[in-house]
Each structure stands twice: as structure tokens, then as C-alpha cells.
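> Just to be clear, the model below is a prediction. Sequence and coordinates:
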Amino acid sequence: MRMPEAPQTDEGWYALHDFRTVDWDAWREAPEHERERAIESGVDYLQAHESLADTDGETGGSAVFTVLGHKADLLILHLRPTTTQLDTAERRFERTPFARFTEQTSSYVSVTEVSGYMSQEYFEGETVEDSGMARYIRSRIEPEIPDAEHVCFYPMDKRRGEQDNWYDLPFEERADLMSNHGEIGREYAGKVTQIITGSIGFDDYEWGVTLFADDPTEIKHLLYEMRFDPSSSRYAEFGSFYFGRRFDPSDLDAVLAG
Amino acid sequence: MRMPEAPQTDEGWYALHDFRTVDWDAWREAPEHERERAIESGVDYLQAHESLADTDGETGGSAVFTVLGHKADLLILHLRPTTTQLDTAERRFERTPFARFTEQTSSYVSVTEVSGYMSQEYFEGETVEDSGMARYIRSRIEPEIPDAEHVCFYPMDKRRGEQDNWYDLPFEERADLMSNHGEIGREYAGKVTQIITGSIGFDDYEWGVTLFADDPTEIKHLLYEMRFDPSSSRYAEFGSFYFGRRFDPSDLDAVLAG
Amino acid sequence: MRMPEAPQTDEGWYALHDFRTVDWDAWREAPEHERERAIESGVDYLQAHESLADTDGETGGSAVFTVLGHKADLLILHLRPTTTQLDTAERRFERTPFARFTEQTSSYVSVTEVSGYMSQEYFEGETVEDSGMARYIRSRIEPEIPDAEHVCFYPMDKRRGEQDNWYDLPFEERADLMSNHGEIGREYAGKVTQIITGSIGFDDYEWGVTLFADDPTEIKHLLYEMRFDPSSSRYAEFGSFYFGRRFDPSDLDAVLAG
Amino acid sequence: MRMPEAPQTDEGWYALHDFRTVDWDAWREAPEHERERAIESGVDYLQAHESLADTDGETGGSAVFTVLGHKADLLILHLRPTTTQLDTAERRFERTPFARFTEQTSSYVSVTEVSGYMSQEYFEGETVEDSGMARYIRSRIEPEIPDAEHVCFYPMDKRRGEQDNWYDLPFEERADLMSNHGEIGREYAGKVTQIITGSIGFDDYEWGVTLFADDPTEIKHLLYEMRFDPSSSRYAEFGSFYFGRRFDPSDLDAVLAG
Amino acid sequence: MRMPEAPQTDEGWYALHDFRTVDWDAWREAPEHERERAIESGVDYLQAHESLADTDGETGGSAVFTVLGHKADLLILHLRPTTTQLDTAERRFERTPFARFTEQTSSYVSVTEVSGYMSQEYFEGETVEDSGMARYIRSRIEPEIPDAEHVCFYPMDKRRGEQDNWYDLPFEERADLMSNHGEIGREYAGKVTQIITGSIGFDDYEWGVTLFADDPTEIKHLLYEMRFDPSSSRYAEFGSFYFGRRFDPSDLDAVLAG
């Protein structure tokens, strides 16, 4: 029996996309001093996590976004070297008085990933430390959260259809498809930045894609172009899309004020 | 590897379809003065947004509709040049005392779009400013919300089936299919008006379709005819349909009274 | 490109299937006088709508049913000449003290429909007014709600599969399939009565089917027989089924007492 | 056009599978006397229905089960000659103080059924009254609820796929498949007992299957063996599975105590 | 008609995966003494069940985990020789004051299983008691819960597609596929440990898979490699994935503190 070869992967930081709605009724009706206390605790939490005050080695990253539409009001994104840190970050939020005014309606658990489709030499152990390749790999699995206005998150699977089955394709064909796919991404260099995380065993889809851009239409153009690429057109299955705007933790009060 | 060509697109105003149910129990039991205050704040919000008092350049548009059935009671539609304005409009509503009597049960985030299927010359840069084509394109991406009694909204995808895969068709075939599709729409000129928005990267489907008509059966006839057109019969996947009736913000009190 | 011909349709009254659960905890615990006031308001609403006291021209129809199982406890069915009347009927219910004890958990928005598959001559304009055909058509689009004990409602689509695609069949083949399908229905004349409503553009499926019969097994036999008919076996996709029993508005108190 | 023949069916008692969760928070916090009153009313209701005190002709049957997992805590099963009796049984439960501590989270509405696949001679009218065949048929459509420890319920459809379409098979092929299927069941005689109910027109699936056994692994072995039978492997679509344990109404207190 | 042979199976302990969210609002606002009482009762329950104090024969096992993301906060896993014990364990939890601060949002009911694909000789009755094979089988159906930091749970079906239908394959082909699949698992011996449970008749999927590992990326690598194996790539359908971290019952207080 033929066994198509799984690509090697390397993982870096664990990621939690923590989506929350605001309980606007409670917020509207809370006395001023309670809202102030809530805001203060929320800002403290968000600033401590953005500045990695919760992390010994001061690695990882956090950011907060508003989310448009009914699926969520806020996205808090955490990247951390260990699952313990993620788990703690998620539960610590619940200790803040601000948490009372939010409900966690969705989330995504994953880990940054590079794969052997794109970086074969890296996995063949031929990468000299501190080389360009080594730095590139590190930038993918220990990524800085880009400082862009907009964010787009969606989870995805590769299709296992009865005709179009990604997991039945030979390695070379998959590598070619991924390479073409990557080329589209590179056309948007400087305009759209991505963080790719793997989630097999961690969440319901196989990957999470987080895109960052100042101009939202660049995200739309990139994804539309990719949709015609066979790697998406024939082999991708998408989950829900979340779209939001980054804000500085210190602006939490203004954000909630509308 | 063959790469089918993605059509170029141009985008205009961002759109938020904000669907809300009314908390009838709270409404029924609220004291008269609280209802009056709520109505006043709701009318103020809706009038300010319809008159674009929230917009510096006074561009965009807003409208409010009742929605039939259990999926929602109200649809507030906002079109604005920036995502910031949409984001603010959504959260500002929550500041009104009226918001207490509503719950946001669904929404759709998208942006007005024209594509190279229909307007190739426009994208080839041959459009003279202030020409008919330029005016037509602008009317599509900076549309006036039609002053019709009824509204119908639904999101849709193009199918990526294992046999019928829109994204695997050559550009010319897709352009032909879209052109035939457009002809059906033109038969309903003056009876049904549409706003087409793209939502790849912004929400769960690829497009949103918002139709306006005085006579609801014209919407039904148009969509039924289109369903036999191959561009729909073989390549469309539809989400939920919402159907409603426009009302003037000043009638909010009467609407809630039944 | 071949364009299969859409059948012509004619529409009559708009239909709202309004499904509600009873809040039994609130009902059980309400003081006797509150329950009396609620029942009185519920009976008034239902009687006024059954007698069309809400309709100027006194056309349309309303009826109320208990629903078995957890999906709903009550179905209120309204047929009215205008969407305004439906919209008002839905919201007016919320003004009654009885509404406090119910929650609208589901609904269906549609309009009575006849199509050119079955009544070609009617659509060719050859129908003499007051002829049998004209009276038949009117009985379909301005139907009396049958006075039977049981009701069954379900929404349905015609399949747009990659092999079995109703919307790709030639008109003649679809007309033949519909004609055979209708013959099964006619075998149940006098035992099962149907109201067919179209909902493209109005709700999530393409049609609503409402069946009425004294003997529930006749509904089961009819639908089982139809399921083997190619028009269903290969081309139908069904939504949820709701099954209930009609009651006279004046019995609302007894119904709630169990 | 070929019309595959629907099997004849005969129906007996109507069935309601009434699934309820317990509101454990309310239960834990209720004062002792309120819990006693609730238990008393629950036991009364369950005993009256098991003993058919609610039925004039004293036919039908009722039983109560705990359900494992989050989908429900209790299953109350009612079999009755008329829909009126089922409808009343469902609503009467809501009158008991015990009902306050439960929520109806799921249900299934169906009717016991025998079909012409298995009992052709019966439907050809050749069955002598009081013969073995007549007694067998009656035991299927007016079944005693078996006195076994465990219960398993699931709804199912026959597949209408584009290749594997049960409703397109000739009658003889379907009858053969059903006959082989029945043989597997007979191997488990004395170990697993089934009640087959039909639900076309009554609920979302076409049939309900209720299995009873003392040893749960016998249910698992039977269903696993059946899954390889073409009638299941190619033609069955299953809904949710519920698994529980029968208890005597007088043990309701002990059950709730854990 | 060909009847593919079902593999024999042997079952051991029944399993309940009990997923719960924490009601953080209630927890945050509860007075200190109430939280202490809740923690004490939670620790008592968890310790009693881990030490099998609830089990006469002191067989089975229990463990508790935090769960990352919104799907749950806690997973309590119980393995017990009888369904009665599982049923009681589930309901006894509800008696604890700690239960008030949790909600059961998901669960899975299954039983440990070995099948004839892997252990043919065992099922042919040739296994000498106390032999290596007998001990291996026992370790699979009466498994010790591994003492690893991380857990991953997901339910799965074997596909019954119109082309790729596991249940239509000959026994030998299925046994070969399972054997290759098992080989991948063995490569991860010492790194990832699994408990396989069957759930046909007990829950919505056919199997539950519970994986244990200290390093989460080993789970990811194992499942990614398996996904390319035909037994998964062509024949597996997965449900939701839950990922968590084990903790000692005595740390419940610290876990809730964040």
C-alpha cells in the first residue's frame, strides 16, 4: 500500500485566539465606578500580556482587536512558548472585573508551524544557525505580531473528498501546489502579513490563518486570488471568518464607549 | 499548472447588515417613561445615521427595516467609506437606551464590489472620468440605498464541488456565465434594485446580495429565474435569507406597538 | 448556453408560520389572575385573527395548533394579502399579555403559489374568468384553511446536486415529474389537503408545504409514497418537520392546562 | 417513467420520546419540602402513565430512563393509541411541580410501523385473525415496552444519495436488503428487543429505532454487525444516539440524589 | 448478496468524558466561604473518584484536566466496569456545591474496545491466560490512565461515502489498513499513549480516541502522519477536538485562580 509522505513540521509558540462578546446591557447599566474598575483591570491585563509581563523569558506576544459583526466584539490573541502560559492567560482574564462584562463565544487553539513543503533544506538539517534560512524559520514560528490596523482570522482544512483528496496526492504534487500558493502570498509582501498555525489535535480544523493589513481590501484581494489557485479551489475547506481592528489596550475605554 | 485568472475587483463602501431581535418581554413590562426614552434614543440614532450626521464627508448611507419571522425583528443597514465608521456605528448603537431592548442575533460584514467580469474596460484603465461607465461604477460601489418598501438579504458562495467547481473554470467561461446572469437582472430594471458586496476575508460567505423592491413577488420571480441560470443552478450556494420592510426612523414607536 | 426555462408562477396570500414554545415555568408560577388575563388576551388575539377582524377586506385566514415534541408548543398560521398585515400580526401578538408566556423559536415566511408546470393554460392567458380553472387557481392561492384535526409543515428545496440537479433539467422533464407527483396527491383527495407556498427570497428553503388531515397516518402514507417518486427521491431536500393538532382559540385555557 | 413501489405499512400506537435535562442548580438549592413535593408529583405522573391510568382503554405503555451524558438526563417514553393522548401526556407533565426542575431539550414523534417488506402476506389480506402472523404484527405495532435495563434510541433515514439512493431501488431489491437486515436482528433474539417507529411527516427523520437490552454490549455488537450490512453501510443515515438505563418511577428520588 | 464480515470486538470499561465550562461570573462574585466550600467538595469528589473510593472492586480510573479554549474549561474522565457506576458518577457530581459553578456543555459515552482486526488470535480463543497477548488485551480494555501532562480527545466515524465506503471493503483490506495505521502509532510508543473506545449505540460517533502525551507536538505529529494514511485520508470522519492539561485534584483551587 502506497503511503503518501507527510511533510515534516516544526512548531514554535502556542496560540490562543480568544473571541469575546461584550454584555452591553450589563455595561450600560453598571455604575460609573464599577465600569472604571473594570476598564482599569482590563487595561492592566491587556498591557501586562502585550508587554509579556506574564512571561519569564519575555517571549511570545499578545494583541487585542475589536471584531465587526455579531460573532464577537473583541479578539484577544496570545502567542506563548508553552501551553501552560496560554492556559493561565485564558483563566487569568476571568479573574479581572472586566471579564464580567464579556462572554467567551469562540476560540481557536493552535501552534505556529513551518512545514517541509516550503523549507525542505531546513528539515534536512543543512541550515546553518544564524543563516538567512534559520532567521526566516524563526520569524515564522516565533513571529512578531504585525503592527497593522486590520486582522482577519479563519481556520481551514485540506479537503478529503472522494475525488479531490489532498491527503492522497503524492508529496511532490502537494509541494508544487503549496509553492504556487506561496507565490501569490509573496505578491502581497509589505501589504499583508500572515501567521500560520497548525491545529491538528488541538482544535476542530487543521490550520489557523491570521492575516494582518492596514488596507482591508488587500486581504480581500489576496484571498480572492488564492481562491482560484488549485490548492484552495480544489483542496481547501474554510471555517468562519473573523474580521477586526487592532487597538491599544489603553483605548479600551474609548472602544467600549462606541 | 494552469492558474485560472481571478477577476480584478474594485471596492467602495464597507457594509454592515446588523440584525436584531426585540426583547418583547422587557419591552412589554418597561414603564412608559423608559419606553419613551428608549424610542427617543433609537429614533435619534437611526435619524443621525440615515442623515449621515456621523460621517464627516457625508458619504455612505443607512436604513432600517422590520424583518419578518423569528430570525430577526430589525435590520439596520450601514454603508460607510471606512471600517472605523462601521465599527463605531455598531458600538454606538449599544450606547442608546433603546439597545437594551434588542439583541444582535446575526450580522454580515462586507464591502461594495465591482468586478472585471462585467466591467473589463473599467479595469483596463480606459474609463474616462465622468463618463457613463465611471458613473455606473460609482453607482455600484457608492450606492444610494433605494427607496423601496421591501428588502431581501442573503449571503452566497460560488460552489467548489468536485464536479462543479466555479474556481476551476476558465475566466472566459465565468465571464459569460456572469454576463447571462446579469441579463436576467436587467429584465427587472426599475422593479428590483441590487447592492452587491464582497466578503472574502470579512465574513463566512463570499458575497452578500441585498435586493430592494416595492413588490415582493418581483424579488421572488427574479431569484427563481436566476436559479435556473447555470451560474446559480450549478455554481451557487446560498446562506440564510432575510426578508423585511423599510420604515422611517420616526415610525419606530409605531413599529414596536405592532 | 442552454437556459432551462423557469416556470411562470402566480402568487396570492403571504403566509407566516409562527412557531412558539410555552414558558411552562413562568406559566406554572404565575398567579391565577395573571394567567386569566393572559388567556383572555390570547383568545382575543387568536379569535380576532381567525375571524379576520384585523383585515379590511376580510380576506386571508388564521388558525392555531398545538405542536408535538420539543421544537414548539404552538403554531399560529396566518395567511394575508399583504406583507404589512403579516408583519403587523406577528408584532401585535407581542403586545398581548399572553405573549410573555411564549417564545418564538421558529417561523417560516412564504407566499401561496401556483406554477406553470401544472396550469400552463392559465399562464397562457386563456383562462376564462369564473371558469373551473380560474376557480381552481384561486382556491390554491387564496386557500381556505382546511378544517382538519392534524397539520404537518415542512420546508423543502429542489436538489442542485452535481449529478441530480433539478434546475438543469429541461422544462418538459420537470413538468412531467411534477405531473406524476401531483397524481399521487390526487389519490389522497378528501383525505389530505395541502397548501403550497413559495419562499425563494423570503426564507431559507424554496417552498413550504402545509398538509391537513384528520387521520395522521394518511399524511404519513402520502409522504412515504411520494418519497419513491423521482421528483422527491432524486430531487427533494427537506427541512424540519412540524406536526400538530388544531384547536379552537376558545380552548386555549384547556390546552395549557394539559 | 418508472415508479418504484412504496411498501405498504400499517401503524399502531403513536410514540413520544421526551428527553429532558435536570436543572441541577435549581434542584440543589430548592428547600427540602419543595423537592419532596416535586418528587411526589413526578412519581405520581410517571406511575399514572406507566399504569396507563391516563388511558381509557388501558392500552399503550410508558417508561422512564436516565440518560448518560449531556444530551439529556431523563427520557420519558410514551406509546398511545391517539395523538391526543400523546399531546396531553406531554403537556400534563408540565403541570407537575417536578417539571420546574427539568427542561425538554429534545424529543421524537413517531408511530409504530410494520411494512410490506417483511410481512407481505399480512398486507395481501390473507392473514387469519388470531393466527401467529396476526399476533406477531400486533406485537410490533402495539408493543409491550421490554423490561430490560438499558435503552438506546436513534432516528434514521434511508439515503437518497446521487449514487446510493434507496428510494430508486426496485421493490424486490429493497425487500431482499431488509430481509438480510432482519436476519441479523434475529440472531440477537432474547438479547436485544426493538421497537420500530415511522416518522415521515411527524419528525425530521424517517424512522426511530428504540433498542432494549440488559447487556449494553449486545446493542453495540448488533449495531456494529448491521453497519456492515449493505442496507446500513450504503443506505442508512443516522441522527443522534441516546443511551440510558430504565428505573422504576418510585426510584426518582434516589436517581436525582446521584 | 455479499456480506462483509464485521470484526469481533471485546469490551471492557465504560467511559464518560464529561466536559464542563466554569461559570466565571458566579465564581468571581461568590463569597470566599462559598468558594472554599465549593473547592472542598470538588476536591473531595475528584479525589474519591481518582482513588476509586466509589468503586467496590476498586477497578476503573478517573482523571481531571483543564481544557483550552471556549468549548470547555474542565474534562472529567471516568472509566468504570458498569454503566451504573458511570451514571452515578455523573449525577453525584451534581450534588457537590462545586457543580453550581459549572455547566456540562458536552460529553462522550463509550466503552473500551479491542477488535479482531488487530488481535485475531485472541478472538479465535487461542489466547492462553496470563500470556503476553492476554495481558496486552487487558491493558487495552482495562487501561490505566497515563500519567502525562496533555490530553487530546476526539470522536470519529469510518466514512460511508458513495465511493469511499469503509463498511463495503472486504475484511482483509480493512485489517491491512488498520495494521498499517497501527504501525504509525507504534512509532510514537513512549511518547503518545492512546485509549480507544467504541460508541456505536452509545453516542453520535462510532469511536472515541483519547491521546496522552507530555509534549503536545507529538500528538500533532502523530495525527498529521496518520492523516496521510489511507485509513484516515480516505475513510475517517472526525468530530470536535478537545485539548487539555491534567491537574491533580488538590490543585483545583489554583486552577480556578488562573
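Nice, thanks for sending it over.

> Please make it C-alpha for all contacts and neighbour counts, starting now.
Noted.

> Run the contact check for the strand or helix carrying residue A:18 versus chain B.
Element membership for residue A:18, per DSSP states H and E: strand A:9-22. No: applying C-alpha under 8 Å from any C-alpha of the partner chain, one finds strand A:9-22 out of contact with chain B, separated by at least 10.0 Å.

> Now the element after that strand, going C-ward?
Strand A:9-22 is succeeded, C-terminally, by helix A:24-29 (DSSP H and E).

> and the gap between the nearest residue to residue A:55 once chain neighbours are set aside and residue A:140?
Nearest residue to residue A:55, sequence neighbours excluded (C-alpha to C-alpha, 6 or more residues apart in numbering or on different chains): residue A:85, at 7.6 Å. The gap separating residue A:85 from residue A:140 is 20 Å, by C-alpha to C-alpha, to the nearest Å.

> elements contacting the strand holding residue A:18?
In terms of contacts (3 or more C-alpha pairs under 8 Å, 6 or more residues apart in numbering or on different chains; DSSP states H and E), strand A:9-22 is packed against strand A:74-80, helix A:83-93, strand A:102-115, helix A:132-141.

> That strand vs helix A:83-93, what angle?
Going by axes from the mean of the first three to the mean of the last three C-alpha atoms, to 10 degrees, strand A:9-22 is angled at 10 degrees with respect to helix A:83-93.

> Just the C-alphas of strand A:9-22, formatted as PDB.
C-alpha atoms of strand A:9-22 as PDB (Å, rounded to 0.1, in the frame of the first residue of the first chain):
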ATOM      1  CA  THR A   9       6.800  20.200  10.500                       C
ATOM      2  CA  ASP A  10       8.500  22.300  13.200                       C
ATOM      3  CA  GLU A  11       6.500  24.200  15.800                       C
ATOM      4  CA  GLY A  12       7.100  27.300  17.800                       C
ATOM      5  CA  TRP A  13       4.700  29.200  20.000                       C
ATOM      6  CA  TYR A  14       1.300  28.100  21.100                       C
ATOM      7  CA  ALA A  15      -1.600  30.400  20.000                       C
ATOM      8  CA  LEU A  16      -4.900  31.200  21.600                       C
ATOM      9  CA  HIS A  17      -7.400  33.200  19.600                       C
ATOM     10  CA  ASP A  18      -9.900  34.300  22.400                       C
ATOM     11  CA  PHE A  19     -13.100  35.700  21.000                       C
ATOM     12  CA  ARG A  20     -15.500  37.500  23.300                       C
ATOM     13  CA  THR A  21     -18.700  39.400  23.100                       C
ATOM     14  CA  VAL A  22     -19.400  42.300  25.400                       C
END
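
> what sits against the residue nearest the centre of chain A?
Centroid check for chain A by C-alpha atoms, centre = their mean gives residue A:210 as the closest residue, at 4.0 Å. Going by C-alpha atoms under 8 Å, 6 or more residues apart in numbering or on different chains, residue A:210 touches A:151, A:152, A:153, A:154, A:194, A:195, A:196.

> The fourth one touches residue A:205, doesn't it?
If I follow you right, that is residue A:154. No: Residue A:154 is beyond contact range of residue A:205, at 9.7 Å (criterion: C-alpha atoms under 8 Å).

> related to what we said a few turns ago, which of the contacts of residue A:210 lies at the shortest distance from chain D?
Nearest to chain D out of the contacts of residue A:210 is residue A:154 (C-alpha to the nearest C-alpha; 28.2 Å).

> Whatever residue of the stretch 51-200 of chain A ends up closest to chain C: what secondary structure?
Residue nearest to chain C within the stretch 51-200 of chain A (C-alpha to the nearest C-alpha): residue A:163, separated by 12.6 Å. Put simply, residue A:163 is coil when judged by DSSP: H, G, I helix; E, B strand; the rest coil.

> What residues does the stretch 101-250 of chain A have near chain B?
A:152-153, A:161, A:163-164, A:217, A:219-221, A:223-225, A:227-230, A:233-234, A:239-243.

> Pull out the buried residues from the helix or strand where residue A:46 lies.
Per DSSP H and E, residue A:46 falls inside helix A:32-50. Using 16 or more other C-alpha atoms under 10 Å in any protein chain shown as the test for burial, helix A:32-50 gives A:35, A:38, A:39, A:40, A:41, A:42, A:43, A:45, A:46, A:47, A:49, A:50.

> Does chain E have contacts with that helix?
No: on the criterion C-alpha under 8 Å from any C-alpha, helix A:32-50 is out of touch with chain E, staying 12.4 Å away.

> Mind listing residues that contact that helix?
Outside helix A:32-50, the residues that touch it by C-alpha under 8 Å, 6+ apart are A:27, A:54, A:61-64, A:78, A:93, A:96-99, A:249-250, A:252-253.

> now do stretch A:78-95
Contacts for stretch A:78-95 (C-alpha under 8 Å, 6+ apart): A:12-18, A:45, A:49, A:55, A:59-63, A:99-100, E:24, E:28, E:68-69, E:256-258.

> hang on, the earlier thing: helix A:83-93 and the helix holding residue A:46, what's the angle between them?
Using the same axes, to 10 degrees, the inter-axis angle of helix A:32-50 relative to helix A:83-93 is 170 degrees.

> Run the chain-centre distance for helix A:32-50.
Centre-to-centre, helix A:32-50 and its host chain are 24 Å apart (C-alpha atoms, centre = their mean, to the nearest Å).

> try stretch A:212-222
The answer for stretch A:212-222 is 15 Å, by C-alpha atoms, centre = their mean.

> can you check stretch A:162-177 too?
With C-alpha atoms, centre = their mean as the basis, the mean position of stretch A:162-177 lies at 25 Å from the chain mean.

> before we move on, back to that, report the buried members of the contacts of stretch A:78-95.
A:12-18, A:45, A:49, A:55, A:59-63, A:99-100, E:24, E:28, E:68-69, E:256.

> Now do the helix or strand where residue A:175 lies: which elements does it pack against?
Using DSSP H and E, residue A:175 falls within helix A:171-187. Packing partners of helix A:171-187 (3+ C-alpha pairs under 8 Å, 6+ apart): helix A:216-227, helix A:230-233.

> what two of the contacts of helix A:32-50 are the furthest from one another?
Greatest spacing in the contacts of helix A:32-50, by C-alpha to C-alpha: A:27 and A:61 (28.4 Å).

> Spell out which residues of chain A are next to chain E.
So far as C-alpha under 8 Å from any C-alpha goes, chain A lies against chain E at A:3-6, A:9, A:11, A:16, A:18, A:86-95, A:99-100, A:104-109, A:160-162, A:165, A:167-168, A:199-204.

> Please convert the buried members of these into PyMOL selection syntax.
Burial among the residues of chain A next to chain E is assessed by 16+ other C-alpha under 10 Å; the matching PyMOL selection reads:
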select buried, chain A and resi 3+4+6+9+11+16+18+86+87+88+89+90+91+92+93+94+95+99+100+104+106+107+108+109+160+161+165+167+168+199+200+201+202+203+204
